[in-house]
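K.L.:
Coordinates for the following, if possible.
(one chain, ligands or ions: 1)
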Amino acid sequence: MDARQLKIKAAETALGYVEDGMRLGIGTGSTAREFIALLGEKVANGFNVIGVPTSEATARQCLELGIELKSLDESPELDLTIDGADEIDPALNLIKGGGGALLREKIVASASKAMIVIADETKVVDQLGAFPLPIEVMPFGLGATRLAIEKAASRLNMSGSLDLRSSGDGPFMTDGGHYILDASFGRIPDAEALSVALNIIPGVVEHGLFIDIATLAVVASDGGVRTLKATE
Ligand SMILES: O=C(CO)[C@H](O)[C@H](O)COP(=O)(O)O
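P.N.:
Coordinates of the predicted model:
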């Protein structure tokens, strides 16, 4: 199976967890896009959900497919969020933000009773960190924020490059109007400690470590689809 077929398989399985009438957080990225396409087909056949999108791109796709959308102000508590991930560890801690939507993704997933991650087998790792960690930062004070991140990482015995994400003709800008620094620190021995350390840096808006948020992962490989639950 090619990469797209695996994404579709994971998305199909996750769709089985969505019940009629649910308030649903809807993720961002190429795997989430396949999920939205399948959800759109179901909605066209009379299935009802209220979706809360995690990005402008996801909102556009949902609206094209006739999926009813609300904001988190209108629907502040959600039944379920379904979203992709860049890495998944055995405790179902994640790295997210490869698509640049990590801030809204974390807000939406945290407002949900459950989060199902959809992915292919390549996203499953023993320890997070091979994928560069996206850190969403304020454009104001970028140099000072970068230095503060480097110092925080060093206190946790981590170091590596912090690359300002580019859109091709300037810095990549998130839906919230912020920049992203992609941190190549290598394997992260204590993701929770790094998460806490990043959260207290004033110029850091959010980061892509999702700790204790995902409840289930639906992972597709050539051998079939398996579901993972957190080990601790
Ligand atoms: O976090 C994300 C976007 O911010 C995506 O879920 C993540 O990057 C995975 O994307 P894809 O399904 O395209 O591999």
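
K.L.:
contacts, neighbours, all on C-alpha from now
P.N.:
Will do.

K.L.:
Quick check: closest non-adjacent residue to the residue nearest the centre of the chain.
P.N.:
Per Cα atoms, centre = their mean, the C-alpha nearest to the average position across the chain is that of Lys96, at 4.0 Å. Computed as Cα to Cα, 6 or more residues apart in numbering, the closest residue to Lys96 that is not its neighbour in sequence is Gly208, at 4.6 Å.

K.L.:
repeat for Gly129
P.N.:
Arg187 (4.1 Å).

K.L.:
Return the residues in contact with the residue nearest to Lys96.
P.N.:
94-97, 102-103, 133-135 (Cα atoms under 8 Å, 6 or more residues apart in numbering).

K.L.:
list the contacts for the residue nearest to Gly129?
P.N.:
Arg187 is in contact with 127-130, counting by Cα under 8 Å, 6+ apart.

K.L.:
if you set the cut-off to 10 Å instead, what comes out?
P.N.:
Taking Cα atoms under 10 Å, 6 or more residues apart in numbering as the criterion, Arg187 is in contact with 126-132, 158.

K.L.:
again with Arg23
P.N.:
48-52, 69-70, 75-81, 112.

K.L.:
Kindly confirm my reading that it forms part of a helix.
P.N.:
No: assessed with DSSP: H, G, I helix; E, B strand; the rest coil, Arg23 is strand; it does not lie in a helix.

K.L.:
so the residue nearest to the centre of the chain touches Ile213, yeah?
P.N.:
No: with contact defined as Cα atoms under 10 Å, Lys96 and Ile213 do not form a contacting pair (11.7 Å).

K.L.:
any shared contact partners between these two?
P.N.:
Lys106.

K.L.:
for the closest residue in space to Ala193 that isn't next to it in sequence, what are its contacts?
P.N.:
Using Cα to Cα, 6+ apart and skipping residues adjacent in sequence, the residue nearest Ala193 is Leu156, 7.9 Å away. Taking Cα under 10 Å, 6+ apart as the definition of contact, the neighbours of Leu156 are 150, 188-190, 193-194, 197.
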